[in-house]
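J.: sequence and predicted model, in that order:
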Amino acid sequence: MAMMPPLDEATPLVTLEHITKSYGREPKQFVAVHDVNLRINVGEFVCLLGPSGCGKSTLLRIITGLNTATSGTVLYRDQPLSGVNPHATIVFQTFALYPWLTVRDNVEVALKARGVAPDVRRQQAERLIDTVGLDGFEAAYPRELSGGMRQKVGFARAMAVEPELLCLDEPFSALDVLSAEALRGELMELWLNKSLPTKAILMVTHNIEEAVLMADRILVMGKEPGRIVAELPVTLHQPRNRKDTAFQAVVDKVYAAVAGRTVPDSLGTAPGQPGQTLRLPQAHLNALAGLLELVASEYGRVDLPWLSTQLALELDDLLPIIEAGEILGFVAVLEGDLLLTPLGQAYADASILARKEMVAGRVLRLPTIGWIYEILGRDDNQRVARDYFIDQLRSEFGDWADEQLDIAIDWGRRAELFAYDDNTDELFLES
């Protein structure tokens, strides 16, 4: 490890200045993150929170030097970072253990790569194995361990190189609920008791309660492109209790930041061309119907955390449905609550036939669907090959063109506007 001067706690450990990461070239360029600025200070536990595809893991890799930014500056202790950061390490969501090595050998791998003497490696590995609560399993193989135990080995291996910055990429998402809860508690105990050599922790997650439970500061990210949309300090004392009113208030605030503005003010261009359209969320309209009925049964307003629990949906599954409701004008988000609009209430009260007519009227206002409907209407037999639409949409959505067309077809079918012939790969107007 490169030698550095003693750590000055007044100096930010990590600084990102106007970081942008893009892939490909115009006009098909994909921007993963855009103009991100952040600081991580000594003694902080920071969470990057947001839905899938917002660039959380990309930022993590840029900070650790596993990936390079297209533009912007990465500073570590106020010095430009070049190459892999030797003072940081990552624990991934998958266990990433060598199945042919024992627990002790897996922990020693990082030390061996750094040329540490065998006897020192062994002592250090055994100390860390004991620290994470795996004493007695030094000679066990990964196949003999539970998921939680395997992830503990991953933590021990990350700690072996005594990183100043510990980066966690959704480290609990592959575990069952009980194992994840136990491991969170153990990690927080080690962190709060200063049993780790680590000076700061940066964790990527899409679990809002997990972020509020663990972090000192939450950075909420939005997507298309990935960017930081809110920064929320969490000043609750540790250990934190999910049932506390203050805890729930912070959860509400984070939900409001994540879901508070999921669609732009404009729906895009008028039907007639696919350009400059918003991306349709991956949500089924029957799921939206169920959501509207549930909110209506609760007098038109529900708490987002309560809604997530009631529907047993994670953030990545719930947000697209809410976004679909916002796009169609049926719901709005306010201060961590989901509200039915007058149109949404009318939908909830309507008959099946009236609901179909309402949905048809709303989805036709969406540029992509309105454009498809117009193209089909102009065709002599009102049937057009899928490839035609893909070619046109690719200039707007790039690699997302197929996904966007599939969503448009699903929504068009639900509204009985147009349908799809699997045998001929054609879209056609409903009679």
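T.: Okay, I see it.
J.: can you give me the pLDDT of the residue lying farthest from the centre of the chain?
T.: Distance from the centre of the chain peaks at residue 380, with 44.5 Å (Cα atoms, centre = their mean). Note for residue 380: predicted pLDDT of 84.
J.: isn't residue 315 right up against residue 205?
T.: No. Contact criterion Cβ atoms under 8 Å: residue 315 and residue 205 do not qualify, at 9.2 Å. C-beta coordinates here come from the backbone N, C-alpha and C atoms, glycine included.
J.: which ones are touching residue 19?
T.: Counting by Cβ atoms under 8 Å, 6 or more residues apart in numbering, residue 19 touches 33, 35-37, 59, 62, 69, 71-74.
J.: tell me the pLDDT at it?
T.: 93.
J.: count of neighbours near the nearest residue to residue 97 once chain neighbours are set aside?
T.: Excluding the flanking residues, the one nearest residue 97 by Cβ to Cβ, 6 or more residues apart in numbering is residue 142, at 4.5 Å. Neighbour count for residue 142, taken as other Cβ atoms under 10 Å: 17.
J.: so how far is residue 179 from residue 142?
T.: 15 Å (Cβ to Cβ, to the nearest Å).
J.: from residue 117, how far off is residue 111?
T.: 9 Å.
J.: before we move on, what about residue 332?
T.: On the measure of Cβ to Cβ, residue 332 and residue 117 end up 63 Å apart.
J.: who has more neighbours out of these two?
T.: residue 332 (15 against 10).
J.: helix/strand/coil for the more buried one?
T.: Classification of residue 332 using DSSP: H, G, I helix; E, B strand; the rest coil returns strand.
J.: circling back to that earlier point, look at the residue nearest to residue 97 and report its pLDDT.
T.: 88.
J.: ok, residue 108 - contacts?
T.: With Cβ under 8 Å, 6+ apart, residue 108 has these contacts: 121-122, 125, 160.
J.: also residue 12?
T.: So residue 12 contacts 39-41, 75, 77-78 (Cβ under 8 Å, 6+ apart).
J.: low-confidence stretches in the protein?
T.: 1-9, 27-28, 95, 260-277, 431 (pLDDT under 70).
J.: domains in this protein, by residue range?
T.: 14-258, 281-364, 366-431 (automatic domain parsing).
J.: any idea how many residues pack against the closest residue to residue 55 other than its chain neighbours?
T.: Leaving aside its sequence neighbours, residue 55 sits nearest to residue 226 (Cβ to Cβ, 6+ apart; 2.6 Å). For residue 226, the number of neighbouring residues by other Cβ under 10 Å comes to 24.
J.: pretty sure residue 226 is touching residue 35, no?
T.: No. Judged on Cβ under 8 Å, residue 226 makes no contact with residue 35 at a distance of 10.0 Å.
J.: doesn't residue 187 belong to a helix?
T.: Yes. Checked against three-state DSSP, residue 187 lies within a helix.
J.: which residues touch the nearest residue to it once chain neighbours are set aside?
T.: In space, and not counting its chain neighbours, residue 187 is closest to residue 155: 7.0 Å by Cβ to Cβ, 6+ apart. Counting by Cβ under 8 Å, 6+ apart, residue 155 touches 91, 132, 171, 187.
J.: which one of these is nearest residue 309?
T.: Residue 309 lies nearest to residue 171 out of the contacts of residue 155, by Cβ to Cβ, at 22.7 Å.
J.: list the residues that contact that closest one.
T.: Neighbours of residue 171 in contact, by Cβ under 8 Å, 6+ apart: 91-93, 151, 154-155, 183, 203.
J.: with residue 311 instead?
T.: 291, 294, 318.
J.: apart from its neighbours in sequence, what residue is nearest the first one?
T.: Computed as Cβ to Cβ, 6+ apart, the closest residue to residue 291 that is not its neighbour in sequence is residue 321, at 5.5 Å.
J.: do I have it right that that neighbour meets residue 289?
T.: No. Using Cβ under 8 Å, residue 321 is not in contact with residue 289; the gap is 10.0 Å.
J.: who has more neighbours out of those two?
T.: residue 321 (23 against 18).
J.: do I have it right that residue 73 meets residue 18?
T.: Yes. Taking contacts as Cβ under 8 Å, residue 73 lies within contact range of residue 18: 7.2 Å.
J.: of the contacts of residue 108, closest to residue 85?
T.: Closest to residue 85, out of all of these and judged by Cβ to Cβ, is residue 160, at 16.1 Å.
J.: please verify my assumption that that closest one contacts residue 107.
T.: Yes. Using Cβ under 8 Å, residue 160 makes contact with residue 107 at a distance of 5.5 Å.
J.: mind listing what's buried in the strand or helix carrying residue 17?
T.: Assigning secondary structure by DSSP states H and E places residue 17 in strand 14-23. Buried residues in strand 14-23, counted by 16 or more other Cβ atoms under 10 Å: 14-16, 19-22.
J.: in its sheet, what does it sit against?
T.: Applying DSSP bridges to the sheet, strand 14-23 is found paired with strand 30-40 (antiparallel), strand 71-76 (antiparallel).
J.: can you put those in JSON lines and add mean neighbour count and distance to residue 245?
T.: Formatted as JSON lines, those follow (neighbours: other Cβ atoms under 10 Å; distance: least, Cβ to Cβ, whole Å):
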{"stretch": "strand 30-40", "mean neighbour count": "18", "distance to residue 245": "30"}
{"stretch": "strand 71-76", "mean neighbour count": "17", "distance to residue 245": "39"}
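J.: out of those strands, which is closest to residue 214?
T.: Short answer: strand 30-40, nearest of these by Cβ to Cβ, at 14.6 Å.
J.: show me what the closest one is in contact with.
T.: By Cβ under 8 Å, 6+ apart, strand 30-40 touches 12-24, 46, 55, 58-59, 62, 72, 165, 200, 202, 219, 225-228, 398-399.
J.: gap between residue 23 and residue 364?
T.: 34 Å.
J.: again, but for residue 164
T.: 55 Å.
J.: likewise for residue 144?
T.: Relative to residue 364, and taking Cβ to Cβ, residue 144 is found at 59 Å.
J.: neighbour count for those two, which is higher?
T.: The neighbour count for residue 144 versus residue 364, taken as other Cβ under 10 Å, is higher for residue 364 (16 against 12).
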